[in-house]
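[1] I would like the atomic coordinates for the input below:
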Amino acid sequence: MSLQPIGIFDSGVGGTSIWKEIHKLLPNEHTIYLADSANAPYGEKSADDILQLSIKNTEFLLGQGCKLIVVACNTATTNAIAYLRETYDVPFIGIEPAIKPAALNSISKTIGVLATKGTLTSALFNTTSKKYSEGITIIEQEGEGLVPLIEAGKIESSEVKNLLEQYLNPMMAKGMDYLVLGCTHYPYLIPLIKEIVTDKVAIIDSGEAVAKQTKSILEQHKMDANKQKSSHQFYSNKSAEELNYFLTAYEVSVAYLDF
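    Numbers count the residues shown, from 1 in each chain. Presented below is the predicted three-dimensional model:
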């Protein structure tokens, strides 16, 4: 199984931020990435819709022979990963907002979470928040409108900056000193976010931690690849061009998939 690929899916292009961390840590691993951009954003869909899309994505990747699947989407993780783990006989790596390190390191005892509605309203997020909320104020902010703009490549646009200011300034006014990014699309906005929050707020995303967990699970199951030249296939069911925009620095294959 060491020669089989790692499967990764997201509601769109955001999970490429996770793929980059995995590829950096595990350069010998083959990967297959599925961007379900035709159905983005997941954060505005019902829990059942998110589950059904996650099942469809999983079965596509399993059909490609993937040995492990990374659910590179916070909304899909919080709404579907328990079912996926119970149903399919491969390891799954999920992504949750990194509330724990923010809560443990906050000096002001006030942290912010910028995420989609689907993540913020999920049972898993609620459980995690309660677990680490003792003595901590957690400010939840839905990043409505951000994902479609990122999907369209408008990362440095005035529309994105205006939305970020609208969402982040009130959080800063309440004393936030840590900001947790609860959507894999949002790391692409870190330069703009830093302009707004300056050095007063530390920003946390889950990419590096997910890559380390992927490495650990592969080694645990003795499925890690050794010294092979890796290949990477990316699929989008909306626009291969939009997906390729986020991958121009890499030698990868990007294709449209009628899916």
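[2] which pLDDT value belongs to the residue nearest to the spatial centre of the chain?
    The centroid of the chain falls nearest to T184 when counting by Cα atoms, centre = their mean (2.9 Å). In this model, T184 is scored at 95, pLDDT.
[3] what separation do you get for it and N169?
    Separation of T184 from N169 (Cβ to Cβ, to the nearest Å): 24 Å. (Each C-beta comes from the backbone N, C-alpha and C, glycine too.)
[4] quick one: the residue nearest to the centre of the chain and N74 touch, right?
    Yes. Using Cβ atoms under 8 Å, T184 is in contact with N74, at 6.5 Å.
[5] mutual contacts of these two, please.
    I95, S206 (Cβ atoms under 8 Å, 6 or more residues apart in numbering).
[6] tell me the secondary structure of the residue nearest to the centre of the chain, please.
    Here T184 is recorded as coil under DSSP: H, G, I helix; E, B strand; the rest coil.
[7] report the contact partners of it.
    Counting by Cβ under 8 Å, 6+ apart, T184 has contacts D10, G14, G15, S17, I18, A72, C73, N74, I95, D205, S206, G207.
[8] how many neighbouring residues does Y178 have?
    For Y178, the count of nearby residues is 24 (other Cβ atoms under 10 Å).
[9] give the contact list for it.
    A102, A103, N105, S106, I111, G112, V201, A202, I203, I204.
[10] tell me the bridge partners for it.
    Note on Y178: beta-bridge partners by DSSP bridges are I111, A202.
[11] mind checking how far it is from E140?
    Applying Cβ to Cβ to Y178 and E140 gives a distance of 13 Å.
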